[in-house]
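Q: got a predicted structure plus its sequence, pasted below:
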Amino acid sequence: MDDVYYDPYDYAIDRDPHPVWRRLRDEQPLYYNEKFDFYAVSRYADVRDMSADWRTYSSASGSVIELIDHPEVLEMMRNMLFEDPPIHDLHRAILARSFTPRRINDLEPGIRAVCNEYLDEFDGTGRFDFVRGYGARIPMVVIGMLLGIPESDRQHVRDLADATVHRDEGQTDQDPAAQLALLGYFHSLIGERRAHPRDDLITELVQAEVPEAGGATRTLSDQELQQYISLIAAAGNETVANLMGWAGVVLARHPDQRRILVDEPAVIPNAIEELLRFEAPSPIQARVVMDDREVHGRTVPKGSKMVLLTGSAGRDDRAFAEPDRFDVRRRFDNHVSFGHGIHFCLGAALARLEGRVGLEELLRRHPAWEVDEEAAEMIHTSTVRGWATLPVTV
């Protein structure tokens, strides 16, 4: 049997990584890629435990694999995903004040109205883009409402957020130009909110007070504010857009499971969890190993890059029975598609709400669709996986 090879930058592998990930789990649960100098774990228990052990597997040098080797770019993009405690906990607590259950639940009527507004546009057409015309627009407008981004600017912000993580075939490094443009745009909004506060999340962050040593407090700097806001804009858009894109593909490939959701909408929340397990929107995270560690009988040296394959973890038969079978009624304790430990996705409840409402309204109007997979295009990054365009017929 040939040696297994895994490369997160390889377009062919990225299109369907599950056969490679299966071989990694079975043959090389600790994998080393010599070309890009990283180790990788692929089994559920390893991904879960390393995600929780931030002292050993640190995010402070970045959780995107190529950023670890480019600290100058990392500093420009730094946010709480690229931090460890105690500074991580401080920054996360500031955002947690705004992502309250009540605030998120209050968004449901607006999300439902937006979904129907978009679906109205496709009445009688028989064909639309499941991602660009529907799935990706939902988080864009929701994040826009939360942050207070003008409606006329929301597509521009999403395009910049996409560009910050996209890479062309053969390219490994990210282009910082889009990130600079995104930060510049948010800088203008920060100045506006300081002068003219509104009822939105940017105003709350501008006015937030951060505790310092000795009991004093301070407000966030412009750089901190830009990094907070760009994190919310990018992460809030990407997770849901990719979740909805995979819903379009996976449910079309499993019409029997889609029929269950049409007939029994109460199953949709569980189907969202199964979708997250089956095709994780963010299947690859990176860490830096802080001490020599023995993993599966081999020593991983201090300073090594460690890749956590959350997308593989969701298909591990050591944790899930018949993991390659998509089952909207599946019962399981947990998955790691939203992360685990201190970096568990702060917006998970919002993503679940958007996914649930988005599917409810879609299935009510369009109980069946077919995907033109020949015309569909995937996005390609080293950390998120999904669809840029997804033409469907209804």
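A: Received it, and whenever you're ready, just let me know what you need. Numbers count the residues shown, from 1 in each chain.

Q: do a quick rundown of the helices in the stretch 51-200 of the chain.
A: Using DSSP state H, counting those that start in this stretch, the helices of the stretch 51-200 of the chain run over 65-68, 71-77, 87-96, 101-105, 108-120, 137-147, 154-165, 176-195.

Q: chain center to the very next helix or strand once past the longest one: distance?
A: Reading on from helix 176-195 to the C-terminus, the next helix or strand found by DSSP states H and E is helix 201-207. Once both centres are worked out by C-alpha atoms, centre = their mean, to the nearest Å, helix 201-207 turns out to sit 23 Å from its chain's centre.

Q: buried residues, helix 201-207. List them.
A: Within helix 201-207, the residues that count as buried by 16 or more other C-beta atoms under 10 Å are 201-206. Every residue, glycine included, has its C-beta placed from N, CA and C.

Q: which one of these is nearest Thr389?
A: Leu201 (29.5 Å; C-beta to C-beta).

Q: and that closest one, how far from Val142?
A: 11 Å (C-beta to C-beta, to the nearest Å).

Q: and for Ala113?
A: Counting by C-beta to C-beta - Ala113 and Val142 are separated by 11 Å.

Q: where do the strands sit along the chain?
A: For the chain, the strands defined by DSSP state E occupy 30-33, 38-41, 57-58, 127-129, 209-211, 217-219, 284-289, 293-295, 298-300, 305-309, 370-371, 377-380, 385-389, 391-393.

Q: other SSEs contacting the second one?
A: Contact here means 3 or more C-beta pairs under 8 Å, 6 or more residues apart in numbering; DSSP states H and E; on that basis strand 38-41 packs against strand 30-33, strand 305-309.

Q: now do 6 Å
A: strand 305-309 (3 or more C-beta pairs under 6 Å, 6 or more residues apart in numbering; DSSP states H and E).

Q: check the fifth one too.
A: The elements that strand 209-211 packs onto, with contact taken as 3+ C-beta pairs under 6 Å, 6+ apart, are strand 217-219.

Q: gap between the closest residue to Glu373 other than its chain neighbours and Tyr118?
A: Spatial nearest neighbour of Glu373, chain neighbours left out: Val249 (7.7 Å); criterion: C-beta to C-beta, 6 or more residues apart in numbering. Using C-beta to C-beta, Val249 is found at 19 Å from Tyr118.

Q: thinking again about what came up before, most tightly surrounded among the strands of the chain?
A: Counting by mean count of other C-beta atoms under 10 Å, strand 305-309 has the highest mean neighbour count of the strands of the chain, with a mean of 25.

Q: restrict that one to CA atoms and write it as CSV.
A: Backbone C-alpha positions of strand 305-309 (Å, rounded to 0.1, in the frame of the first residue of the first chain) are rendered in CSV as follows:
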residue,chain,number,x,y,z
LYS,A,305,3.1,23.0,14.1
MET,A,306,0.3,20.7,14.9
VAL,A,307,-2.8,20.5,12.7
LEU,A,308,-6.1,19.4,14.2
LEU,A,309,-8.3,17.9,11.6
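
Q: one step back: of the strands of the chain, which is nearest Gly339?
A: Proximity to Gly339 (C-beta to C-beta) singles out strand 284-289 among these, at 7.4 Å.

Q: now do the closest one, average pLDDT.
A: Averaged across strand 284-289, the pLDDT comes to 97.

Q: please apply the same query to stretch 104-120.
A: What stretch 104-120 shows for mean pLDDT is 94.
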